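Engineer: Below: sequence and its predicted model.
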Amino acid sequence: MGEKGIRIEHLSKRFGEGDTAVLALKDVNMRVLPGEVVGLVGPSGSGKSTLLKCLGAVIDPTSGRMALDGETIYDNGWKVRDLRALRRDKIGFVFQAPYLIPFLDATDNVALPPMLAGVPTGEARRRALELLTALDVQHRARAMPAQLSGGEQQRIAIARGLVNRPPVILADEPTAPLDSQRAMAVIRILNDMAKRFETAIIVVTHDEKIIPTFRRIYHIRDGATHEEAGEGRGFD
Ligand code: ADP
Ligand code: MG
């Protein structure tokens, strides 16, 4: 499991015990290389969010293996002592709901992760503004979350997930609240990030607008994955 990027082998996750147990993941196998953006597609309840939460060390898997950025993090048990540090240093999360901090403006919501990592405030804000500009929300830089539209909030949340340039980005339905043009802008930025910073990216989606952009897609059904070639349209 020495290669960089993301590798998942025979991952399973059971919620609960006995008669009421739910086997949310049965046999998940995935590989995402550095610089690659891979789609994860499947019906509601198929285990997509559960998989991202396991990979993001937010919940415990039941069995299997996972490696991130060249390090085995789980092998029938966590292999990393400090899961909080793993999340902070290795993984950028982009959730379905934006979860912005209500008392910080747009810029400082994005500048917070680098500031927590010890980057001086001025530099952190500069990086935040660069991403807000790339996501076309720079005109809302001083606005508070409550003043922003749903689409604007989502773009701020995406900038926050990218700002520390983590080796791995996990995005759960990142384009759901966005119109088609903005959804494509987000996908373009994720592809650009992947290429520039050798990031391995998983995008959970059932958004028909963006599915044709992936070169590789994993389908998940009843907790098991299979791989398919995508159309890979528009990003060469
Ligand atoms: P998706 O994101 O693909 O819609 P989820 O990963 O959220 O699916 O859920 C997969 C399955 O696991 C579903 O049957 C769901 O009800 C179940 N599940 C998810 N989270 C929990 C939990 N905390 N406790 C019990 N069952 C859960
Ligand atoms: Mg989900």
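Structural biologist: Perfect, I can see it now. Ligands and ions are numbered 1, 2, ... in the order given.
Engineer: tell me the secondary structure for residue 85?
Structural biologist: Three-state call for residue 85 (DSSP: H, G, I helix; E, B strand; the rest coil): helix.
Engineer: Skip ahead from the biggest helix by length in the chain and say which helix or strand is next.
Structural biologist: Across the chain, the longest stretch assigned as helix under DSSP state H is helix 180-197. Note on helix 180-197: by DSSP states H and E, the next helix or strand toward the C-terminus is strand 200-204.
Engineer: So which residues make contact with that following strand?
Structural biologist: For strand 200-204, contacts defined as CB atoms under 8 Å, 6 or more residues apart in numbering pick out 4-6, 30, 32-41, 48-49, 52, 55, 69, 167-174, 187, 190, 193-194, 210, 214. Placement of C-beta: from N, CA and C, glycine included.
Engineer: can you narrow those to ones near ligand 2?
Structural biologist: Among these, proximity to ligand 2 is found for 48, 49 (CB under 5 Å from the ion).
Engineer: Mind giving me the PyMOL select for the contacts of strand 200-204, buried ones only?
Structural biologist: Selection of the buried residues among the contacts of strand 200-204 in PyMOL, burial being defined by 16 or more other CB atoms under 10 Å:
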select buried, resi 4+5+6+30+32+34+35+36+37+38+39+40+41+48+49+52+55+69+167+168+169+170+171+172+173+174+187+190+193+194+210+214
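Engineer: Out of the contacts of strand 200-204, which sit inside strands?
Structural biologist: Applying DSSP state E to the contacts of strand 200-204, the entries found in strands are 6, 30, 32, 37-41, 168-172.
Engineer: Get me the contact residues on the protein for ligand 1.
Structural biologist: The interface of the chain toward ligand 1, taken as CB under 6 Å from any ligand atom, is made up of 15, 16, 22, 24, 42, 44, 45, 46, 47, 48, 49, 50.
Engineer: what's the farthest-apart pair in the ones in strands among the contacts of strand 200-204?
Structural biologist: When CB to CB is used, the two most widely separated members of the ones in strands among the contacts of strand 200-204 are 41 and 168, lying 19.0 Å apart.
Engineer: okay, and for the chain, where does confidence drop off?
Structural biologist: 1-2, 234-236 (pLDDT under 70).
Engineer: So for this protein, which residue is the most central one in space?
Structural biologist: Closest to where the C-alpha atoms of the chain average out (CA atoms, centre = their mean) is residue 170, at 1.6 Å.
Engineer: Pretty sure that residue sits against residue 90.
Structural biologist: No. Counting by CB atoms under 8 Å, residue 170 stays clear of residue 90, with 10.4 Å between them.
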